[in-house]
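> 3D model of this:
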Amino acid sequence: MNTLLRQSLFAGLTAFPLAVISKEAPKSNNPNIILIFCDDLGYGDLSCYGASQYKTPNLDKMAREGVRFTSFLSAQAVCSASRAGILTGCYPNRVGISGALFPDSKIGLNSSEETIPEVLKKRSYKTVAIGKWHLGHLQEFLPLQHGFDEYLGIPYSNDMWPVNYDGTPFSAEKKDRNFNFPPLPLIDGNEKIEDLNSLTDQAEITTIYTERAVKFINQNKKNPFFLYLAHSMPHVPLAVSGKFKGKSEQGIYGDVIMEIDWSVGEIMKALDKNGLTKNTLIIFTSDNGPWMNFGNHAGSNGGLREGKGDSFEGGQRVPCIMKWLGTIQGGSICNKLASTIDLLPTFATITQAPLPEKKIDGVNILPLLIGDENANPRESFLYYYRKNSLEAVRKGDWKLVFAHPGRTYVGFKPGADGFPGQTNENFPHEEGLYDLRRDPGERFDVKEHYPEVVAELKKLADAAREDLGDDIQKAPGKNRREPGKVQ
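Prediction:
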C-alpha cells in the first residue's frame, strides 16, 4: 500500500462508520491475509520475546520486517472460547462459547455469527482453514459451514483421543470424567480421511498443515486469499517430525517450536516464490498462554503471572507479530493494548468490507499497524472466564482483578515428560489493582493507593455486566447470543 493510498484510507476511516465504507475499493487494495494461530504458545516462547535454548529465526526475521506487539491479548485463555473470539471479533461469551468443547458436545459456533472468511468473501477472497478447529465437531459446525472454501485439520484438541500422553490407555482419572473420546480424526472438507491414532501419526501434523498451506498459496496467487493456519502444537501431547526431533537444547518442546518456526519460513518462501510478499499481511499469535503444570512439556509465560486457564496476564497475554512490507514499518514495537478480537474489524477496514450486522466487540487497529503514534484504538478490555464470569477489567495500564475462584499453578510441583502436575481449579483469588506498566507480573496490589482508579474500573465492569452479564454477581446480561445447538 503506497503512502497516498494509506493516507486516503486512514482519512476515510475518521469520517465514516466502518460499516458504510464503499464496497467498490480497487482490487489492489485487497491484500492477501495469513493468520497463523498457535495452541498454548506462551508469551516467552519465541527468541524475539526472550526464549532460550532454541532459536526461531523465521519469526525473528518477521519481527525485524514488521511489528512486534508487547500487550496483545487473546479473547479468552482457553481453546474454543479463544477461537470463537478471533473468528467473530466478539468476546466469546457474547456468542455463547466458553471453555473447551469436548467430542461429545452438541454445541458449536452458531451459523448466524459472521466470521472473518464470511466478511472477506464479500470482497471476493478465497478462504481456507487448516489445523485445529475446535468450534464444534459435528458437520453443521465445521469450517465449510462458516465461510471457508477449504478445510484440512482436526476438529478439536489433539489430546482428546483415547490414550494417555505417553501412548498408554486412559488412566482411571480420565475415565472418571466420563469422556468417551473417539479416535482423533483428520478431516478434509467435511469428510474424515484418516484417524491419527498414535503420537507417530501426530508427529507429521505440522508438516501436513504446512504443505497444504503452501499448496493453497500456489493455487491462489492470482486472487486475494485468506489463509487461517491454526497449528495443533505446542498443545500436549507434543509430537515433532524427524526433521526437528532432538534439535533443540530444551527437549521436545523446543523441537516443536523450531518446527513451527520452520513452517512460518516455508510460508514466507511460498509468498516470495509467487511474488506475493508485498501484498500479504501476515499475523502470528497464540490462542492463550502456556499450560504450566506440564512442566518441561509446557511453554514460558515470560515472567507473567499464571498461564492457560486464568485471567492473569500469563493466561491471556500472547506473542503477536505482524508483517506487511511497505505498510508496516520494519522493526517496530507496539506497546498499545490490542486483542485477537480486533482482527476482524481491522481486516474489514483494510479490504473495505462491511462489518457484521450483529454487534461485535473488536476495534480497528490499522492505525497501530501504519505507525500512528497518537492512536489508541483499544482503551479497555474485559477478562471473562468459565461460562460467563467477569474476572478482571483493564483500562490502559491499570488492571482490576475481582475476587473470584480460579485456577492457580502456584504451590504445585509441575509434571514432566507429558504428564501433568496438579493445580487448584478453585483458588480464592482476592480483589487487586495492578499497574501493568510497573508490575506486568501482577505481584503488587495497589488499590489502597488509587481508589479513584478502582472506582473508574468498577464503572467499566458495571457496564460490562449489564451488556454481557457476570456469573459471579449473577447478572444475566442483555446482549448475549446463543451458540449453535443440535438435539
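> Below-threshold pLDDT in this protein: ranges please.
1-29, 163-181 (pLDDT under 70).
> ok, now with 80
Counting by pLDDT under 80, the chain has low-confidence residues at 1-29, 162-182, 487.
> show me where it has helices.
3-15, 57-64, 79-88, 116-121, 172-175, 199-202, 205-219, 251-273, 313-316, 343-351, 366-369, 451-468 (DSSP state H).
> Any idea how far the longest one is from the middle of the chain?
For helix 251-273, the separation from the chain centroid amounts to 18 Å (computed by CA atoms, centre = their mean, to the nearest Å).
> the inter-axis angle of it versus helix 57-64?
60 degrees (axes from the mean of the first three to the mean of the last three CA atoms, to 10 degrees).
> Could you name the helices and strands sitting against helix 251-273?
The helices and strands touching helix 251-273, judged by 3 or more CB pairs under 8 Å, 6 or more residues apart in numbering; DSSP states H and E, are strand 32-38, helix 57-64, helix 205-219, strand 280-286. C-betas here are computed from N, CA, C, even on glycine.
> got those as JSON lines, with mean neighbour count columns?
Output for those, formatted as JSON lines (neighbours: other CB atoms under 10 Å):
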{"stretch": "strand 32-38", "mean neighbour count": "25"}
{"stretch": "helix 57-64", "mean neighbour count": "20"}
{"stretch": "helix 205-219", "mean neighbour count": "20"}
{"stretch": "strand 280-286", "mean neighbour count": "24"}
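> Switch these over to a markdown table; also include distance to Arg407.
Shown next, in a markdown table, are the helices and strands packed on helix 251-273 (distance: least, CB to CB, whole Å):
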| stretch | distance to Arg407 |
| --- | --- |
| strand 32-38 | 20 |
| helix 57-64 | 28 |
| helix 205-219 | 27 |
| strand 280-286 | 18 |
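> Nearest to Thr408 among these would be which one?
strand 280-286 (20.8 Å; CB to CB).
> quick one: contacts of the closest one?
The contact list for strand 280-286, computed with CB atoms under 8 Å, 6 or more residues apart in numbering, reads 31-42, 45, 59, 62, 66, 72, 74, 264, 267-268, 271, 318-324, 327, 340, 343, 350.
> quick check, distance from it to the centre of its chain.
So, by CA atoms, centre = their mean, the centroid of strand 280-286 is 11 Å from its chain's centroid.
> Next, the angle from it to helix 251-273.
170 degrees.
> Just checking: what are the partner strands of strand 280-286?
Strand pairing for strand 280-286, determined by DSSP bridges: strand 32-38 (parallel), strand 320-323 (antiparallel).
> mind listing the strands in the stretch 351-487 of the chain by residue range?
380-385, 389-395, 398-401, 404-408, 424-429, 432-435, 484-485 (DSSP state E, counting those that start in this stretch).
> Can you convert those strands into CSV and add a column each for distance to Ile116 and mean neighbour count?
Below are these laid out as CSV (distance: least, CB to CB, whole Å; neighbours: other CB atoms under 10 Å):
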stretch, distance to Ile116, mean neighbour count
strand 380-385, 20, 23
strand 389-395, 24, 23
strand 398-401, 28, 23
strand 404-408, 29, 21
strand 424-429, 32, 14
strand 432-435, 32, 20
strand 484-485, 17, 18
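> how does this protein divide into domains?
3-17+28-378, 382-478 (automatic domain parsing).
> State the distance from Val256 to Gly108.
According to CB to CB, to the nearest Å, Val256 stands 28 Å off from Gly108.
> same check, this time on Thr327
For Thr327 relative to Gly108 (CB to CB), the value is 35 Å.
> Strands of the stretch 101-250 of the chain, start to end?
So, for the stretch 101-250 of the chain - with DSSP E, counting those that start in this stretch - the strands run 107-108, 126-131, 150-153, 185-188, 191-195, 225-230.
> Using JSON lines, please lay out those strands together with mean neighbour count and distance to Ala81.
Below are these laid out as JSON lines (neighbours: other CB atoms under 10 Å; distance: least, CB to CB, whole Å):
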{"stretch": "strand 107-108", "mean neighbour count": "24", "distance to Ala81": "12"}
{"stretch": "strand 126-131", "mean neighbour count": "25", "distance to Ala81": "17"}
{"stretch": "strand 150-153", "mean neighbour count": "22", "distance to Ala81": "18"}
{"stretch": "strand 185-188", "mean neighbour count": "18", "distance to Ala81": "21"}
{"stretch": "strand 191-195", "mean neighbour count": "11", "distance to Ala81": "25"}
{"stretch": "strand 225-230", "mean neighbour count": "24", "distance to Ala81": "14"}
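> For Lys458, which of those is the nearest?
Closest to Lys458 of the strands of the stretch 101-250 of the chain is strand 107-108 (CB to CB; 32.4 Å).
> so what's Met233 closest to, chain neighbours aside?
Val256 (5.0 Å; CB to CB, 6 or more residues apart in numbering).
> Same check on Glu456?
Lys395 (6.9 Å).
> you'd agree the one you found is up against Glu379?
Yes - in this structure Lys395 lies within contact range of Glu379 using CB atoms under 8 Å: 6.0 Å.
> rewinding a little: a markdown table please, covering the strands paired with strand 280-286 and showing distance to Leu276.
Output for the strands paired with strand 280-286, formatted as a markdown table (distance: least, CB to CB, whole Å):
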| stretch | distance to Leu276 |
| --- | --- |
| strand 32-38 | 6 |
| strand 320-323 | 12 |
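> Of all those, which one is nearest Ile205?
strand 32-38 (12.8 Å).
> Which one, of the strands paired with strand 280-286, ends up nearest to Asn293?
Taking the strands paired with strand 280-286 one by one with CB to CB, strand 32-38 is closest: 18.9 Å.
> Now do the closest one against strand 225-230: the angle between them, please.
Using the same axes, to 10 degrees: strand 32-38 against strand 225-230 is 0 degrees.
> What about Leu325, how many residues nearby?
16 (other CB atoms under 10 Å).
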